[in-house]
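Participant: Sequence and predicted structure below; questions after.
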Amino acid sequence: MISVITVVKDDAHGLAATFKSLEQQTNSDWEMIVVASLSIDDTLEVANMISKIDGRVVVLLQEALGIYEAMNLGLSKVKGSHIWFMNAGDTFASKEVLEHALATIQKSGASLVVGG
């Protein structure tokens with residue numbers, strides 16, 4: 001399983017786009033950990049709606065912490081054997097990205113895969 005960690009504040013639209021991109025992946029063995037800060041837009045509402053739509057999405061609320069603390073909070077909750085960080089608004093280049101990343105890991109035995 002791949003655990004995707006998304007840290008978000010004040011970007012409801014971006015969070016929805018990131019989830020949609022993840023949801024469309026050909027590999028469906030993933031979970032999404034959304035670490036949301038208090039926001040002035042409807043980011044928390046969107047995060048909770050996404051979690052209700054898809055049980056693979058977990059929402060964590062963090063208050064007044066920095067991005068690295070938020071990432072660490074997400075890391076403390078993952079269930080997957082592989083970690084992928086995506087900011088809200090990030091999307092995959094194609095629907096096969098997770099599938100190709102896992103194939104690369106399995107074929108090469110790599111412990112780290114970096115894409116650009």
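Facilitator: Now that the structure is in, tell me what you want to look at.

Participant: alpha carbons only for contacts and neighbour counts from here, please
Facilitator: OK.

Participant: State whether S51 and L44 are indeed in contact, as I suppose.
Facilitator: No - with contact defined as CA atoms under 8 Å, S51 does not reach L44; the gap is 10.5 Å.

Participant: which one of the two has more residues nearby?
Facilitator: For S51 versus L44, the count of surrounding residues by other CA atoms under 10 Å is larger for L44: 25 against 17.

Participant: How about that one, nearest residue that isn't a chain neighbour?
Facilitator: Nearest non-adjacent residue to L44, counting by CA to CA, 6 or more residues apart in numbering: A36, 6.7 Å away.

Participant: Tell me where the chain has helices.
Facilitator: 12-23, 43-53, 67-75, 97-108 (DSSP state H).

Participant: Now render these as TSV, adding mean pLDDT and distance to G89.
Facilitator: Formatted as TSV, the helices of the chain follow (pLDDT from 0 to 100; distance: least, CA to CA, whole Å):
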stretch	mean pLDDT	distance to G89
helix 12-23	98	4
helix 43-53	96	12
helix 67-75	93	15
helix 97-108	92	16
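
Participant: who wins for proximity to T91 among the ones you listed?
Facilitator: Each of the helices of the chain has some distance to T91 by CA to CA; the shortest is helix 12-23, at 5.2 Å.

Participant: if we can go back for a sec, which of the helices of the chain has the highest mean neighbour count?
Facilitator: Burial of the helices of the chain is given as mean neighbour count (mean count of other CA atoms under 10 Å); helix 12-23 ranks first at a mean of 19.
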